[in-house]
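[1] Prediction below, plus the sequence it came from.
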Amino acid sequence: VEFTNGIVRKPSKSMVEGITTGMFSSENPKYEDGLKQHGQYVKILEKLGLEVLVLEPLEEFPDSCFVEDPAVVTDKFAIITNSPKESRNGEKVEIEPTLKNYFDNKDIYYIEYPGTMEGGDVLQVDNHFYVGLSERTNDEGAKQFNEFVSKYGFTSSTVPVTEGLHLKDFVIYLDDNNMLLSSEMNKASEFKDFNRYVVEKDELYAINSLFINGTVMVPEGYPKTLNYIKSLGYPVEVVNTDEFKKIDGSLTCLSLRF
Ligand code: CIR
C-alpha cells in the first residue's frame, strides 16, 4: 500500500494526564519534549512522501494526539470508531469534519454502541484486516467493521489481545510478508505463514515500527530489532517517541495514513 496523505494532531499540554497502563514506563510524559518529538515524527512522514495535515491540539482530550484510534482509513473509505474510554470517546467527533474533507459521506462509516473499537487494534495486511479483541475493541465492533470493509472487497478476522493495550503493540506488518511480533502473538496460528521476527521482551516497544512507502520508521533505542529490520534490506528512519511511550503511545498511533 502506497501512502500519499497523513493526518496528525499536535499533543496538548494535557498529554501529561494521558491514560497509561504503565506497560512501557512508569514516568509521566513531558509536554515540551513530546511536542519536539512530534515535530520530528512529522518531518519524517514528510520526507517519506506524505502530505501531512497537522491538526491543532485539543486540551480537553489528553490522548488526542493518538489520531490512529478514533478512525480507520484506507484510500477508499474511513471508519469512525467508538472508544469505550470516556476520556477518548469525544475524539471521534473532532476527527469527523477533517475526514469529510478527504472522503465522500457515503464512504464514511461509524462503529456504533454496543460496538466499540479503537484503530490501534486494526492491522491491515494488503486486503485483509486483523482486528484485535481487547479492552477497547469488542466482538460487536469487529462485526460492524467486517460489514463495512466487505463492501470494498476487504476481509477481516479477529485476534485476541491478551498482553496489553492494542493489537498493534504486539504484532505489526511491514511488507513482503514480513512481520514483527511478541512471543505471545507468535503462538497465534493466524500469523504462521508470515516471515516472523519475534521481538524480545526488552524491546517490546519496537514491535510498533511503521512501514511507509518502502522505509521503516523504528523507535529509538532498540538495536536488536533495528538491526533485524536493516538485515531485511529496508532503509530505516529512527525516531524518538519516548514521551508518548510513557502513556502507551507508539509510532502508528500518532498518525492516520492513506
Ligand atoms: C490510551 O491509553 O488510550 C493512550 N494513552 C495511548 C493510545 C495509543 N494508541 C495506539 O496504540 N494506537
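    Yes, it's here.

[2] Give the full set of residues in contact with the residue in the chain that the ligand sits nearest to.
    Distances between the chain and the ligand by CB to the nearest ligand atom are smallest at Gly120, namely 2.5 Å. No exception for glycine: its C-beta is placed from N, CA and C like everyone else's. Counting by CB atoms under 8 Å, 6 or more residues apart in numbering, Gly120 makes contact with Phe66, Glu68, Asp69, Gly132, Arg136, Leu165, His166, Leu167, Lys168, Asp169, Thr252, Cys253.

[3] Export those to a markdown table and append columns for secondary structure, pLDDT and neighbour count.
    Shown next, in a markdown table, are the contacts of Gly120 (DSSP: H, G, I helix; E, B strand; the rest coil; pLDDT from 0 to 100; neighbours: other CB atoms under 10 Å):
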| residue | secondary structure | pLDDT | neighbour count |
| --- | --- | --- | --- |
| Phe66 | coil | 98 | 30 |
| Glu68 | coil | 98 | 27 |
| Asp69 | coil | 98 | 28 |
| Gly132 | strand | 98 | 26 |
| Arg136 | coil | 98 | 24 |
| Leu165 | coil | 97 | 24 |
| His166 | coil | 98 | 26 |
| Leu167 | helix | 98 | 26 |
| Lys168 | helix | 98 | 24 |
| Asp169 | helix | 98 | 28 |
| Thr252 | helix | 98 | 24 |
| Cys253 | helix | 98 | 25 |
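
[4] Could you list the low-confidence segments of the chain?
    Counting by pLDDT under 70, the chain contains no low-confidence range.

[5] which parts of it sit against the ligand?
    Applying CB under 6 Å from any ligand atom, we find that the chain lies next to the ligand at 18-20, 63, 66, 68-69, 88, 120, 165-166, 247-250, 253.

[6] Please name the spatially closest residue to the residue of the chain closest to the ligand (chain neighbours excluded).
    Once flanking residues are discounted, Gly120 sits nearest to His166: 3.2 Å by CB to CB, 6 or more residues apart in numbering.

[7] what's near enough to touch the one you found?
    His166 neighbours (CB under 8 Å, 6+ apart): Glu118, Gly120, Asp121, Gly132, Ser134, Arg136, Cys253.

[8] Could you identify the most distant pair in the contacts of Gly120?
    The largest separation in the contacts of Gly120, counting by CB to CB, is between Phe66 and Gly132 at 15.4 Å.
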